[in-house]
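> okay, structure incoming, though there's no sequence with it:
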Ligand SMILES: N=CN[C@@H](CCC(=O)O)C(=O)O
Ligand SMILES: [Zn+2]
């Protein structure tokens, strides 16, 4: 098979090769680094990984093979952002100032601002506007090294707008980032609506219709004091499961409402936030194999003084993934690399644990672990070449992008110097 692309001489080729499952405990820091490593690509897929010397000897390279010299640099899989709210209209920049003056996220929401503000703007925006804004944010994510992501609806709270958001995600999927779409009609109870009637509508009308139209792979719920109770959340998630939507949960973000236990009980693919999760909930998650998606950028953005108990999760054997939580209210940040910095400095993950969380575990958390998240033969050739000679520099150099080149399915998506590689 002709080799289209060879990335060679990487100081550290961080392959993340290993068992085909989310990594927990000691495996949370398993990187499988190849020194002076190389990766070969044909038709967008990885066909060989090994030392540069070995690949140059074995592979049938010819004049059509593009070669990228990564001498002195780190190469990793593309980052996978396992929690975003990508599609929305407007910003909530005024809220950022309000919080600085003492208002809390919960108070702003209860007063009809917060998510409700974005719902009003998103309902008023047409698909073209939502598409253009989301595309701009995706470009920013890609420049920071993200090549795949999960993204949710949740700013419509009516069928028309929720479906418009999901249709935008469907249109953007593969263009070129991979997007795993989630229905989050249970993001808030629409203002003025009766909570039980809204849950009834979600279960009897919205979820079946979203599933019938094939617009989502996952169903999510904001299980939180003053939003959806654990009982309502369970009904919503089980209805989603009955319609082939895998469950995931916004769990224990602001209060311990039993969200972690709920995620374990329904067999969710992930429980996200977990800032206030109980010990028993985390034990149940470990037993059920639920991935914890940590969103440390949110706590930083909201000015909270604590973070989710990440070290305890690792001790208990809960696999960790990382997400930006990109949204206009609680974390207006597209950089998963910056979130890795927070994971190290605020949650006390090591750089290796953070990198596993942002690649292979992220891929499993969005249901794409068989295809993405590591540099192994057969997987999609999504790679990042970093201006660094040690992978630990990625989170260490906080807020400065070290991304030199992003490759998606073996094609250059972004290059920091704007140049393209020469054929050999
Ligand atoms: N907490 C609920 N949803 C988002 C915030 C959405 C918003 O504030 O617009 C989150 O994950 O933090
Ligand atoms: Zn969220």
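Right, received. Where do you want to start? All figures in this text were calculated on a predicted structure; none of them were measured in a lab. Ligands and ions are numbered 1, 2, ... in the order given.
> hey, let's count contacts and neighbours off CA atoms from now on
Noted.
> next, the closest residue to residue 152 other than its chain neighbours: secondary structure please.
Closest residue to residue 152 apart from its sequence neighbours, by Cα to Cα, 6 or more residues apart in numbering: residue 182 at 4.5 Å. Under DSSP: H, G, I helix; E, B strand; the rest coil, residue 182 falls in the strand class.
> who's in contact with residue 182?
150, 151, 152, 153, 166, 216, 217, 218, 219, 220 (Cα atoms under 8 Å, 6 or more residues apart in numbering).
> can I assume the last one sits in a strand?
Yes: judged by three-state DSSP, residue 220 forms part of a strand.
> leaving out sequence neighbours, find the closest residue to residue 308.
Closest to residue 308 by Cα to Cα, 6+ apart is residue 275, at 3.9 Å.
> ok, that neighbour - contacts?
Residue 275 touches 252, 253, 254, 255, 306, 307, 308, 309, counting by Cα under 8 Å, 6+ apart.
> spit out the contact partners of the fifth one.
Yep, that's residue 306 we're talking about. 275, 299.
> quick one: what helix or strand has it in it?
Under the assignment given by DSSP states H and E, residue 306 is not contained in any helix or strand.
> so how far is ligand 1 from residue 13?
Going from residue 13 to ligand 1 by Cα to the nearest ligand atom, to the nearest Å gives 33 Å.
> who are the contact partners of the residue in the chain that ligand 1 sits nearest to?
Closest approach of the chain to ligand 1 (Cα to the nearest ligand atom) occurs at residue 329, with a separation of 3.7 Å. Residues near residue 329 by Cα under 8 Å, 6+ apart: 91, 92, 95, 96, 114, 115.
> filter those residues down to the ones near ligand 1?
When Cα under 6 Å from any ligand atom is applied, the members of the contacts of residue 329 adjacent to ligand 1 are 114, 115.
> contact partners of stretch 276-285?
251-256, 258-261, 263-264, 291, 308, 313, 316, 318.
> which ones among those lie within strands?
Those of the contacts of stretch 276-285 mapping onto strands are 251, 291, per DSSP state E.
> hmm, back to that, in the sheet, who's paired with the residue nearest to residue 152?
The partner list for residue 182 in beta bridges (DSSP bridges) reads residue 152, residue 218.
> okay, it: pLDDT?
On the pLDDT scale, residue 182 is placed at 99.
> repeat that for the one 4 residues further on.
Residue-level confidence at residue 186 comes out at 98, pLDDT.
> my guess is it contacts residue 221. True?
Yes: with contact defined as Cα atoms under 8 Å, residue 186 counts as touching residue 221 (4.8 Å).
> quickly list what's touching both of these two.
Common neighbours of residue 186 and residue 221 (Cα under 8 Å, 6+ apart) are 228, 236.
> you'd agree residue 95 is in a strand?
No: counting by three-state DSSP, residue 95 falls outside a strand, being helix.
> now for it: which residues touch it?
Taking Cα under 8 Å, 6+ apart as the test, what residue 95 contacts is 108, 114, 329.
> identify those among those residues that sit within helices.
residue 108 (DSSP state H).
> and the contacts of residue 95 as CSV, adding pLDDT?
As requested, the contacts of residue 95 are arranged in CSV below (pLDDT from 0 to 100):
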residue, pLDDT
108, 95
114, 96
329, 97
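> poorly predicted segments of the chain, please.
By pLDDT under 70, the weakly predicted segments of the chain are 418-424.
> residues from the protein in reach of ligand 1?
Counting by Cα under 6 Å from any ligand atom, the chain sits next to ligand 1 at 114, 115, 222, 325, 327, 328, 329, 330.
> how near is the fourth one to residue 66?
It refers to residue 325. 36 Å (Cα to Cα, to the nearest Å).
> give me the more crowded residue out of these two.
residue 325 (30 against 20; other Cα atoms under 10 Å).
> just to check, the more buried one is in contact with residue 84?
Yes: Residue 325 is in contact with residue 84 according to Cα under 8 Å; the separation is 4.5 Å.
> show me where the stretch 301-424 of the chain has its strands.
320-322, 383-386, 403-408, 411-415 (DSSP state E, counting those that start in this stretch).
> doesn't residue 381 make contact with residue 371?
No: using Cα under 8 Å, residue 371 is not in contact with residue 381; the gap is 9.4 Å.
> and the two? Which one has more around it.
Ranked by neighbour count (other Cα under 10 Å), residue 371 and residue 381 place residue 381 first, with 30 against 18.
> from residue 113, how far off is that one?
From residue 381 to residue 113 the distance is 42 Å (Cα to Cα).
> of all the residues in stretch 249-269, which ones are buried?
249-264, 266-269 (16 or more other Cα atoms under 10 Å).
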